[in-house]
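Student: Need the 3D shape of this:
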Amino acid sequence: MEVTKDLKKASQDLSDHPEALRDGSLLAAVDLGSNSFHLLIARIEHGEIRPTQALSEKVQLAAGLDGDTLSKDAINRGLECLSRFAQLLQSVEPQRIRVVGTNALRRARNRRKFTEPARRILGAPIDVIYGREEARLVYLGVAHTLADDTQSRLVVDIGGGSTEFAIGERFEPRRLESLQLGCVTYAKDCFKDGMLSKSNYKSAYDRACVEVSHIRKQFRSKHWVEAVGSSGTLQAIEGILLAQDWAEGNITRKGLTRMRKALLDFKYMDDINLQGLTDARRSVIASGVAITEAIFDVLDIDEMRSSRGALREGVVYDLVGRLSHEDVRERSIVALMQRYHVDEESSQIVARRARMLFDATYKAWDLAASDRELLIWAALSQEIGKAIAHKHYHRHGAYLLRNSDLPGFPQHEQEDMAILVEGQHGKLRQELFGDSDGATLLRLQRLVALLRLATLFKYVEPLEQLPDFAIKASAEGLSLDFPDDWLEQHPLTAQELVQQRSVFKRMDLRLEVN
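Tutor: Numbers count the residues shown, from 1 in each chain. Take a look at the predicted model:
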């Protein structure tokens, strides 16, 4: 499909990003994990990425979840950590920093109480990503640390609140999954008060086996050649096995069995004393081993090696793609259009008009290059709901955008696209913008206004060339000036423009048509 031309223009024109990542350029990734926060700063040297700074702090956001609410103490722990990270990030340009939140923030209904002050501290938006997107980024980080061969591999990342699984070859993942099992949440739920016992351990193991059994058919050993572990939990297990001389270099079934028996000699987590175990891992090592044993048994894994690559490395490599205009989000939108058999010509017309309207208004409306990309993505996918039904297609399209796996997109971008697609047509429902307020609400309202106007012309342009018309923007609204008699010759378009005035008014915008 030719739609990628529109996508690339969206990222190249009016871009806040530099034209190229030159030698010496600094990039940064911040991983807001459920157990630990990680910071990685890397430098581009001769086309390769070289880490220059790395920090990790145990924050345990997941331990601060009461149901689906983050405690004040957990929020404060996280913000205090980020204030320390921010000192190192001062050397990195804001557009070259990406911050991602994982399971604990996915689950927290009050996440904005953390993400908004976090954004102010770091000077970068907080992208809360879906589980499968997390798996994709983990795979990317691991793949860049391994030999560039063609054999298929299983990558497993046991986090504080979730565990990600990916099967792929070279740098391309083919299967992605995320399950609700993590070393912090299991430590909290299965080892209450830090007590260790055979029954507690078995409870954690059995619970993990049930979870992993849901993906056994797609991820068991016949689908891959080697298994690779990422993240601190599996690296910690491998380190203990080596230090205790229970394995010769990798994680094995036999080594895990010996480790389980050794752990169960202790009555409390705080008493665990194994060579190679750090203080930071003591409270979660038993739950981590139980989860690992379950994964080995259910997926028929005999041996697993660990990799230093993880989510933060994957975020850096993904950021390089974004800044080099090789954005995986472009492929996701094209695939979405193909999946739902979108009329390419119609979508391109809407995208062109959306781009034209954006270019005429972005300065007056204080919109950014990222808003332009979002508008183009929404314009290209605005008809996907017709694959379900023509009636209320805008609502069907919004549902698909909210609930589809779209590699590269964090939650808030999918939600924003859904708002734009639903708002393109019909009456504006009061709850469309959710709990958005302030600058976020204003930004979304203006993007909805632009998409509504762009969709008005898609039935004109296939029949005739749309004339040049003047667009004047101010903070209060828009003025459209058409050539003499053009609106009289196009009464349907004229009527629709008039009808838009009341819709604009509901968004505190004025629309003048001459």
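Student: isn't Y201 right up against L264?
Tutor: Yes. If you go by C-beta atoms under 8 Å, Y201 and L264 touch, sitting 6.3 Å apart. In this view, the C-beta of every residue, glycine as well, is placed from N, C-alpha and C.
Student: between the two, which one's more packed in?
Tutor: Y201 (20 against 14; other C-beta atoms under 10 Å).
Student: need the contact list for the more buried one.
Tutor: 190, 260, 263-264, 286, 290 (C-beta atoms under 8 Å, 6 or more residues apart in numbering).
Student: What of L442?
Tutor: Counting by C-beta under 8 Å, 6+ apart, L442 has no contacts.
Student: State the distance from it to G232.
Tutor: 41 Å (C-beta to C-beta, to the nearest Å).
Student: M417 now?
Tutor: 34 Å.
Student: One more: V448?
Tutor: Distance from V448 to G232, by C-beta to C-beta: 42 Å.
Student: same deal with A354?
Tutor: A354 is 44 Å from G232, by C-beta to C-beta.
Student: helix or strand for P117, which one?
Tutor: Assessed by DSSP states H and E, P117 sits inside helix 112-122.
Student: Could you break the protein into its assigned domains?
Tutor: 21-129, 146-307, 325-466 (automatic domain parsing).
Student: Tabulate these in TSV, adding columns for distance to A475.
Tutor: Shown next, in TSV, are these (distance: least, C-beta to C-beta, whole Å):
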stretch	distance to A475
domain 21-129	23
domain 146-307	42
domain 325-466	6
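Student: now those as a markdown table including mean pLDDT and distance to A135?
Tutor: Converted to a markdown table, those look like this (pLDDT from 0 to 100; distance: least, C-beta to C-beta, whole Å):
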| stretch | mean pLDDT | distance to A135 |
| --- | --- | --- |
| domain 21-129 | 93 | 10 |
| domain 146-307 | 94 | 4 |
| domain 325-466 | 90 | 10 |
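Student: how about these, which one is nearest D484?
Tutor: domain 325-466 (15.6 Å; C-beta to C-beta).
Student: what's the closest non-adjacent residue to E238?
Tutor: Leaving aside its sequence neighbours, E238 sits nearest to S306 (C-beta to C-beta, 6 or more residues apart in numbering; 4.7 Å).
Student: For that neighbour, grab phi and psi.
Tutor: phi -100, psi 160 (degrees, to the nearest 10).
Student: That one reaches G229, doesn't it?
Tutor: Yes. If you go by C-beta under 8 Å, S306 and G229 touch, sitting 4.5 Å apart.
Student: overlap in contacts of those two?
Tutor: 235, 238, 251.
Student: Run a quick neighbour tally on the residue lying closest to R111 once chain neighbours are set aside.
Tutor: What sits nearest to R111 in space, not counting adjacent residues and going by C-beta to C-beta, 6+ apart, is L105, at 4.9 Å. Neighbours of L105 under the rule other C-beta under 10 Å: 27.
Student: Might you report the residue contacts of L105?
Tutor: Here L105 is in contact with 32, 61, 111, 114-115, 126, 128 (C-beta under 8 Å, 6+ apart).
Student: One more pass at 7 Å, please.
Tutor: Counting by C-beta atoms under 7 Å, 6 or more residues apart in numbering, L105 touches 32, 111, 128.
Student: and if you look at L319?
Tutor: Counting by C-beta under 7 Å, 6+ apart, the residues that L319 touches are 27, 29, 98.
Student: Of those, which belong to strands?
Tutor: Applying DSSP state E to the contacts of L319, the entries found in strands are 27, 29, 98.
Student: Make sure the last one is actually in contact with L32.
Tutor: No. The pair R98 and L32 does not pass the contact test of C-beta atoms under 7 Å, sitting 11.2 Å apart.
Student: For the stretch 151-300 of the chain, which segments count as strands?
Tutor: 152-158, 163-169, 172-179, 226-230, 251-252 (DSSP state E, counting those that start in this stretch).
Student: Comparing those strands, which stretch has the densest surroundings?
Tutor: strand 152-158 (a mean of 25; mean count of other C-beta atoms under 10 Å).
Student: so that one versus strand 226-230, what angle?
Tutor: Put simply, strand 152-158 runs at 30 degrees to strand 226-230, going by axes from the mean of the first three to the mean of the last three C-alpha atoms, to 10 degrees.
Student: what's strand 152-158 packed up against?
Tutor: When contacts are defined as 3 or more C-beta pairs under 7 Å, 6 or more residues apart in numbering; DSSP states H and E, strand 152-158 packs onto helix 131-143, strand 163-169, strand 226-230, helix 231-243, helix 285-298.
Student: relative to strand 172-179, how tilted is that strand?
Tutor: Using the same axes, to 10 degrees: strand 152-158 against strand 172-179 is 30 degrees.
Student: next structured bit after whichever strand or helix holds V350?
Tutor: Using DSSP H and E, the element containing V350 is helix 344-361. Next along the chain after helix 344-361, taking DSSP H and E as the criterion, comes helix 369-380.
Student: which helices and strands does that next one pack with?
Tutor: helix 4-12, helix 328-339, helix 344-361, helix 411-423, helix 438-456.
Student: Rebuild those helices as JSON lines, extending it with distance to S197.
Tutor: As requested, the helices and strands packed on helix 369-380 are exported to JSON lines (distance: least, C-beta to C-beta, whole Å):
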{"stretch": "helix 4-12", "distance to S197": "55"}
{"stretch": "helix 328-339", "distance to S197": "46"}
{"stretch": "helix 344-361", "distance to S197": "60"}
{"stretch": "helix 411-423", "distance to S197": "38"}
{"stretch": "helix 438-456", "distance to S197": "49"}
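Student: Deepest-packed of those, please.
Tutor: Of the helices and strands packed on helix 369-380, helix 411-423 is the most buried (mean count of other C-beta under 10 Å), at a mean of 22.
Student: Residues contacting it, please?
Tutor: 127-130, 374, 377-378, 381-382, 394-395, 397-398, 401-402, 406, 432-433, 444, 447-448, 451.
Student: Contact partners for the nearest residue to L70 once chain neighbours are set aside?
Tutor: The shortest distance from L70 to any non-neighbouring residue, by C-beta to C-beta, 6+ apart, is to A108 (4.4 Å). Shown in contact with A108 (C-beta under 7 Å, 6+ apart): 65, 68-70.
Student: Give me the ChimeraX select line for these, limited to the buried ones.
Tutor: A single ChimeraX command selects the buried members of these (16 or more other C-beta atoms under 10 Å):
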select :65,70
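Student: what's the most distant pair in the contacts of A108?
Tutor: Between any two of the contacts of A108 (C-beta to C-beta), the greatest distance is 8.7 Å, for D68 and L70.
Student: And the residue nearest to R111, which helix or strand is it part of?
Tutor: Using DSSP H and E, the element containing L105 is helix 103-107.
Student: Using neighbour counts, pick out the buried residues of that helix.
Tutor: 103-107.
Student: swap in stretch 259-275?
Tutor: Result for stretch 259-275 [16+ other C-beta under 10 Å]: buried residues 259-260, 262-263, 266, 269, 272, 274.
Student: again with stretch 180-192
Tutor: Buried, per 16+ other C-beta under 10 Å, within stretch 180-192: 181-188, 190-191.
Student: For P51, name its beta-bridge partners.
Tutor: Beta-bridge partners for P51, by DSSP bridges, are A42.
Student: ok, it to F457 distance?
Tutor: P51 is 49 Å from F457, by C-beta to C-beta.
Student: neighbour-wise, which of those two wins?
Tutor: Higher neighbour count among P51 and F457: F457, with 19 against 13, using other C-beta under 10 Å.
Student: Now do the same contact list for the more buried one.
Tutor: F457 touches 349, 353, 466, counting by C-beta under 7 Å, 6+ apart.
Student: Same list, these, but as CSV with distance to A335 please.
Tutor: Formatted as CSV, those follow (distance: C-beta to C-beta, whole Å):
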residue, distance to A335
I349, 21
R353, 24
L466, 29
